[in-house]
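Enquirer: Got a predicted model here, sequence first, then my questions.
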Amino acid sequence: MKKPILNAESHSPLYKQLIRKLRDDIALGVYPVHSRIPTEQELCDTYQVSRVTVRKALAELTQEGLLKRQQGKGTFVAVPRLCKDLKDVTSFNDYCRLMNCTPRTRVIHAQMAYATEEDKRDLLCEGGQVVETLRLRMADDTPVMLETNRFPQAYGFLLEEDLTGSLYAILQAHGLEANEAVHEISLSYATAQQARHLGISEGDALLNLQEIIYDQYGRPLHTSMQLIRGDRFTFRI
């Protein structure tokens, strides 16, 4: 008789055990991204569990975004979502690597811009201009977010740097570190131009993360507005 893979006598429910097993198999590459996982009946036979148990496990993994069901075709491993912990000030490059994704950046523009009243308030600007960067951030070549950063005029040296990597690495080389942030999250809808950059349709919903980042001395370092594809990104609070 075939030995059960899951432990029916464990305090952990069978569907939770199946979730962990499928998560591990996906992480180990047994089921790569875009691949189809076994059918419900095949999973029942392999793990000697009921169809109710299998459906409950698949439903939870689908809700998490780890799996994606396609009507009439089966259940497939989804492109993983990036996850940012809002308690930490972490660069996009760093949390891409933590999620085993390759970060890429396309600079749309980097320029001096007129300081708005919001800039003067949030950045404590005294000059009439700020440094503005607009970048498209990608994970494994998939567009994830449009990121607009605005710095006080004193950070004009950034315009001479290669901005396709980590801004925070550049700032660290100048003795500055992002230490803490104030966040606001809302919902917005993609304009035609934003949609073209992000590879989505005009009017699609986007997460709008607005931040004021402070350096290690408690001074405003920059503001950031990130327009984020919710199907590719999630937050941990």
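Expert: Looks like it arrived, so ask away.
Enquirer: where does this protein have low pLDDT?
Expert: Scanning the chain with the threshold set as pLDDT under 70 gives 1-4, 9, 80-88, 95, 98-100, 234-237.
Enquirer: Which residue ranges make up each domain of it?
Expert: With automatic domain parsing serving as the domain definition, the record reports that the chain contains domains spanning 14-77, 82-236.
Enquirer: Which one, of those, ends up nearest to Leu6?
Expert: Among the domains of the chain, the nearest to Leu6 by C-beta to C-beta is domain 14-77 (4.5 Å). The way it works is simple: take the backbone N, C-alpha and C, and place the C-beta from them, glycine included.
Enquirer: sorry, back to before: now the domains of the chain as a markdown table including distance to Ala8 and mean neighbour count?
Expert: Compiled in a markdown table, these are given as follows (distance: least, C-beta to C-beta, whole Å; neighbours: other C-beta atoms under 10 Å):
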| stretch | distance to Ala8 | mean neighbour count |
| --- | --- | --- |
| domain 14-77 | 7 | 15 |
| domain 82-236 | 32 | 16 |
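Enquirer: Could you dump the ones you listed into CSV with distance to Asn7 added?
Expert: Written out in CSV, the entries for those read as follows (distance: least, C-beta to C-beta, whole Å):
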stretch, distance to Asn7
domain 14-77, 7
domain 82-236, 29
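Enquirer: what's the closest of those to Ile5?
Expert: Shortest distance between Ile5 and the domains of the chain, using C-beta to C-beta, is found for domain 14-77: 5.3 Å.
Enquirer: what about the closest one, how long is it end to end?
Expert: 21 Å (C-alpha to C-alpha, to the nearest Å).
Enquirer: And the helices in this structure?
Expert: Remark: helices assigned in the chain by DSSP state H are 14-27, 40-47, 51-64, 92-98, 117-122, 167-173, 192-198.
Enquirer: and the ones you listed as CSV, adding distance to Ser224?
Expert: Formatted as CSV, the entries for these read as follows, by distance: least, C-beta to C-beta, whole Å:
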stretch, distance to Ser224
helix 14-27, 31
helix 40-47, 43
helix 51-64, 27
helix 92-98, 10
helix 117-122, 10
helix 167-173, 10
helix 192-198, 16
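Enquirer: Any idea which of the ones you listed gets closest to Leu134?
Expert: Across the helices of the chain (criterion: C-beta to C-beta), the nearest stretch is helix 192-198, sitting at 9.3 Å.
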